[in-house]
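1. Give the three-dimensional model of this entry:
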Amino acid sequence: MFLKRLELNGFKSFAGKTVLDFPKGVTAIVGPNGSGKSNVIDAIRWLLGERDAKSLRGGKIEDLIFAGTDGKAKLGVAAAALIFDNSSKFFPVDFNEVEIKRQIARDGESSYFINKSEVRLKDIIELLSKSRLGTKGVIVVGQGNSDIFIKANPVERREMVEEILGLREFRIKKEEAERKLRNTFINTDKVKALIEEVLPHLRFLKKQTAKWERRSEVEEQLEILEKNFFGSKRAEIEKNFFGLDPKESELSKKEGLTRRELREKEEELKKVEDLEPESRALLVKIRARREEVLRKKNVAEKELGGLEVRLLMAEKEEEKGQVDSGKAVSFLEEVFKKAKEVVESGFNVDLAVALVRKIAEGGEKIFSFSEKREAGVVEEIRAKQKKNYEEVDIFDREIKEINAKEAGLERNLEKFTDNFKKAFTEVEKVKEEVNRILAEKNKVVLEKERWNFKLQELKAQVEQAGRSWNTFSLKDAEFLREEELIETEKKIFKLRGELFAMGEVDQALVKEAKETEDRHNFLVTQIADLLKASEDLKEMIRNLAEKIHEEFNEALVLINKEFDKFFKMMFKGGHAKLLLRKEEVVAEGEEGEERKENEEAEKVIIKEARDIEAGLEINLSLPKKKVTNLEVLSGGERSLVSLAALFGLISVSPPPFLVLDEVDAPLDEKNALRFAEMIKDFSEKLQFIVVTHNRATMEAADVLYGVTLGEDGASKVVSLKLS
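-> Take a look at the predicted model:
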């Protein structure tokens, strides 16, 4: 794997798109001071994950964006990209070419890309760490940092060595595991606090739940008892209530039939009653007619009596011619005798009296009768007499008929009386039957009302119990006998009393209890998961620490050997060595409650960090010069020591490339030449990109890039390939 290309656009002094192709071997970047050649190195450092603006020679992150010149306007966005040849699959991805790109806007918004896909900066750092690339080590040595290995503190030296050894990946994983462990312990404490907070309320809710469960159990028992009790009572009442329906129906039917019979009897009675006035009216009429006929007959007989007297007188007159007074008296006596016979014969007395009065009044006429004879009087009287006799006969016959009718009517009236008595008796008898049926029916109705009252009373009890009437029937209930009903009612009162004493339980509390218990169980599970996670993280930290420790210590032996070799080469003698310095490792940046929460995690972390957090001290001796402190070294000596350490490191674990910015500046001509030779030799193993003013270094390069400032004030790049 090697760095194939760098693309710049709006980055620092590079306003337009600038592309630098890097071949295998050595690439030298040259140019006057201030032309922007070190900005190329800053771009590489930035793309390798650097986040500190000061490390990129800027005050703030927006200083990375082209700020503009008199001839060119400032830009709003800066972008840069590194393209790696990954045909050897040095990067653990299935691409022959890997592009890492960063972009920054003036509002501070950053974007990160791997092969055009947007990612996080963390993803870029993880990918690079797996390939022994990054900004912590000596992959990129910036301007003025040629003695970086000398001026670094022991911990920073260790980080440089770990990165070039490829241990940075495990260090990141370990730090991530440590961070997670701290968070795990913090979360564990938080969850424990939540459990402590939840428990008292959960106990209260459980009591409410137990109360609700008991209440539900009692209500269930009560429901069964009430179902049996009310169902049995209802069945009994309805049996008696509806059992009277057939009898009531039968009595109603009987009542209807009897009332119909009564109506018939009353109609018959009325017919009989209607006959009496008609017969009596006819009887009155007949009797009136008889009186009228008798009156007419009396008149006719009276006239007949007068005619007979006249006829006698006429006959006497005719026989003797003259009648003396003596004879007249005899005649009158005879007349009175006749009148007496008339009375005795049955005619009316009034008629006889009237006849005698008329004879008396006409006495003179009788005495003068003899004087007034006329011829034919007798015949005339006899003719009239005959007519009167005929009339009397007619009257007699009519009177006989009337008497016969009267007798018949009187017999009918007697029969009517018998029929009326019989019909009346029958009507009264039927009335008595109707009244008896009504009395019996009323008795049934009263009995039904009594059972209906009991039914309504039972319904009220059901309603008072808060039950639905329709739910109680013998179909779903167990029938109870009388003694069982009494016992069941006692149990019902007892359970109701228990429910009353228990009081209501808010259903919401039961739901809350379930939710709270679920939450408590979840928190307990969380505790278990967190404890499991903490154990897993502890194991991971231990394993990573062990791996780092073992690989680092093994490599340190080799590094010291190479370091010492290159040191002797640089200084023509002496010796150099890197020594582990163990120090008490303490947690930094945490105080108070958070420090207390992390105490257990820190104990684990510190325990596992005692060896791998040990820094690196440089122990060296120069030929013909006693060194008690690194600070006594000259600038050139400091650079040579750092270069000896650098070449010692890359001899043991060569990185894909090295980027060096004027690290040869402090060197004298002889050492600069030696440096050039060394990078030339190492270029067979790795790629070098160096910024230099040194001719020897330029001559060792395969490609030269010249960086200058254009007329618009922006950096321009020209290339020259050396044969």
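2. so where's the stretch 201-350 of the chain uncertain?
-> The stretch 201-350 of the chain contains residues with pLDDT under 70 at 229-230, 234, 275-276, 318-350.
3. same question, the chain
-> Applying pLDDT under 70 to the chain flags residues 229-230, 234, 275-276, 318-375, 465-479, 582-612, 628, 722-723.
4. Next, please give the residue ranges for the strands of it.
-> In the chain, the strands defined using DSSP state E lie at 2-11, 14-21, 26-30, 77-85, 97-105, 110-114, 117-119, 140-141, 575-581, 615-621, 657-661, 687-691, 703-709, 715-721.
5. Number of residues surrounding residue 530?
-> Close neighbours of residue 530, defined as other CB atoms under 10 Å, add up to 22. C-beta here means a position set from N, CA and C on the backbone, and glycine is covered the same way.
6. now swap in the one 5 residues further on and tell me
-> Using other CB under 10 Å, residue 535 has 12 other residues around it.
7. same deal with residue 480?
-> Using other CB under 10 Å, residue 480 is surrounded by 20 other residues.
8. quick one on the thing from earlier: go through the strands of the chain and name the closest to residue 422.
-> strand 117-119 (124.7 Å; CB to CB).
9. Next, the buried residues of the closest one.
-> Buried residues in strand 117-119, defined by neighbour count with 16 or more other CB atoms under 10 Å: residue 119.
10. Let me see the residues that make contact with that strand.
-> 111-113 (CB atoms under 8 Å, 6 or more residues apart in numbering).
11. Please tabulate the strands of the chain in CSV, including the columns distance to residue 233.
-> Below are the strands of the chain laid out as CSV (distance: least, CB to CB, whole Å):
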stretch, distance to residue 233
strand 2-11, 96
strand 14-21, 99
strand 26-30, 107
strand 77-85, 90
strand 97-105, 86
strand 110-114, 83
strand 117-119, 79
strand 140-141, 98
strand 575-581, 96
strand 615-621, 95
strand 657-661, 100
strand 687-691, 103
strand 703-709, 109
strand 715-721, 106
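12. among those, which is nearest residue 227?
-> Closest of the strands of the chain to residue 227 is strand 117-119, at 69.4 Å (criterion: CB to CB).
13. Figure out how far the closest one is from the centre of its chain.
-> Averaging C-alpha positions (CA atoms, centre = their mean, to the nearest Å) puts strand 117-119 43 Å from its chain's average.
14. got it, and stretch 553-568?
-> The chain centroid and the centroid of stretch 553-568 are separated by 74 Å under CA atoms, centre = their mean.
15. Please apply the same query to stretch 652-670.
-> Relative to its chain's centre, stretch 652-670 lies at 73 Å (CA atoms, centre = their mean).
16. How about stretch 48-55?
-> How far stretch 48-55 lies from its chain's middle: 55 Å, per CA atoms, centre = their mean.
17. Just the buried positions in it, please.
-> For stretch 48-55, a neighbour-count test (16+ other CB under 10 Å) marks 48-50 as buried.
18. do stretch 154-171 as well
-> Going by neighbour count (16+ other CB under 10 Å), the buried part of stretch 154-171 is 154, 156-171.
19. Counting only helices, which of those residues make the cut?
-> 154, 156-165, 168-171 (DSSP state H).
20. which one among those gets closest to residue 696?
-> Using CB to CB, residue 164 is the member of those that lies nearest residue 696, at 25.0 Å.
21. Relative to residue 107, how far out is that closest one?
-> 36 Å (CB to CB, to the nearest Å).
22. Ok, residue 302 next?
-> Counting by CB to CB, the separation of residue 302 from residue 107 is 164 Å.
23. Of these two, which one has the most company?
-> residue 302 (20 against 8).
24. From residue 132, how far off is that one?
-> On the measure of CB to CB, residue 302 and residue 132 end up 183 Å apart.
25. again, but for residue 63
-> For residue 63, the distance to residue 132 equals 29 Å [CB to CB].
26. swap in residue 279?
-> Computed as CB to CB, the residue 279 to residue 132 distance reads 152 Å.
27. more neighbours, those two?
-> residue 132 (21 against 16).
28. which one is the more buried one nearest to, not counting chain neighbours?
-> residue 166 (4.2 Å; CB to CB, 6 or more residues apart in numbering).
29. for residue 709, same thing?
-> In space, and not counting its chain neighbours, residue 709 is closest to residue 35: 5.4 Å by CB to CB, 6+ apart.
30. Run through the residues that contact that neighbour.
-> If a contact means CB under 8 Å, 6+ apart, then residue 35 has 13, 707-709, 715 as its contacts.
31. Just give me the neighbour total for residue 18.
-> Residue 18 sits with 23 neighbouring residues when counted by other CB under 10 Å.
32. That one against residue 8, yeah?
-> Yes: counting by CB atoms under 8 Å, residue 8 is a contact partner of residue 18 at 4.3 Å.
33. Need phi/psi at residue 574.
-> With angles defined as degrees, to the nearest 10, residue 574 sits at phi 80, psi -170.
34. what about it, how many residues close to it?
-> Residues near residue 574, counting by other CB under 10 Å, number 16.
35. Could you measure from the residue lying closest to residue 194 once chain neighbours are set aside over to residue 198?
-> Using CB to CB, 6+ apart and skipping residues adjacent in sequence, the residue nearest residue 194 is residue 523, 5.6 Å away. Per CB to CB, residue 523 is found 7 Å from residue 198.
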